[in-house]
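>>> what shape does this take:
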Amino acid sequence: VAIAVAGAVILGVTARLPYLFAAAITGFLLVAPMLAAGLYELSRRYLAGEQATLVDSMWAWRRNPSALVGFALLSILAGTAWQVASVVIVALFYKGPALAPMAMMIEVLVNPQHYLLVFVYMCVGGLLAALVFAVSVVSMPMLVDRRCDLLTALVTSVNAVAENPLPLALWATILMLLTGLGFATLLLGMIVILPWLGHASFHAYKDLVR
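Numbering: from 1, shown residues only. Below is the predicted model:
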C-alpha cells in the first residue's frame, strides 16, 4: 500500500511533465528490487520457520546494511540515468506539438512519424532494464538472505542469468507484464502484485543459487 501511494504521488507530480511521465513508469522496474527488501526478509523468515510480521520486514536492511545501501545507491543511479536518458531521447526525436503526458504518449504510438522515437526509446530502455535485471534478479534477495559483499552478489546474479538465459528472460517478461498491469489498474493492482512478485523472486533466487 505504501509503495502504491508513493507511486501515485510520483505520477501526480510528473502528470504535467511529458518528458518525465513515461520515465517515471518504466523507471519503477529499475528500483523495484530495492523496494521489495522487506518482502524478501519475510520470505526468508517464513522458510526458516521464524516469526514473520510487518515490523520484522522493516529490519531487512539491518542484516547486511553496507551492501544493501550500496545496492540502493546503484538502483537510484540507474533510475536517475534513465530519467536523464528519457528526457534527452524525447528532446532529440519528438517533433510533434507539446501535449499532456497521456496525449503525447498516444500521439507517439499512433503517428508513424514518431516510430523512430519509439524504437530508440525501447532499445535504450530495454538495454538498461536488461542490465539492471541481470545484476539484481539474484543479488538483492541474496543480500537479504546472506551476509555477503555487494560485488559477490552482483557477480552471482550475472552468472545465474548467463547460465539460465531463457527461463530468466521469461521471468523478466512476467515481471514487466504484471508490473504494467499494476499501473494499468491505477496502482491498485500493485497492492497484490508487488508482494506476490517479491515472494516469488525470493523463491526463484533460492532455486538458482546453492
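>>> check which helices and strands the helix or strand of the chain with the lowest mean pLDDT sits against.
Every helix and strand in the chain was compared by mean pLDDT, DSSP states H and E; the lowest is helix 18-26, with a mean of 74. Helix 18-26 makes packing contacts with helix 2-13, helix 65-93, helix 101-110, helix 115-136 when contacts are defined by 3 or more CB pairs under 8 Å, 6 or more residues apart in numbering; DSSP states H and E. In this view, the C-beta of every residue, glycine as well, is placed from N, C-alpha and C.
>>> rerun at 10 Å
In this structure, helix 18-26 packs against helix 2-13, helix 65-93, helix 101-110, helix 115-136, helix 165-184, with contacts taken as 3 or more CB pairs under 10 Å, 6 or more residues apart in numbering; DSSP states H and E.
>>> out of those helices, the one nearest Thr156 is which?
Taking CB to CB as the measure, those were each checked against Thr156, and helix 115-136 came out nearest at 9.8 Å.
>>> most remote residue from this protein's center?
Ranked by distance from the centre of the chain (CA atoms, centre = their mean), the top residue is Pro97, with 30.6 Å.
>>> and it, which of the three is it?
Taking DSSP: H, G, I helix; E, B strand; the rest coil as the rule, one finds Pro97 in the coil state.
>>> may I ask which helix or strand encompasses the residue lying closest to Ala72 once chain neighbours are set aside?
For Ala72, the nearest residue in space outside its immediate sequence neighbours is Met34; the separation is 5.1 Å by CB to CB, 6 or more residues apart in numbering. For Met34, the element it lies in under DSSP states H and E is helix 28-35.
>>> next helix or strand past that helix?
Next helix or strand after helix 28-35 toward the C-terminus (DSSP H and E): helix 37-47.
>>> now the angle from that following helix to helix 28-35?
Interaxial angle, helix 37-47 versus helix 28-35 (axes from the mean of the first three to the mean of the last three CA atoms, to 10 degrees): 50 degrees.
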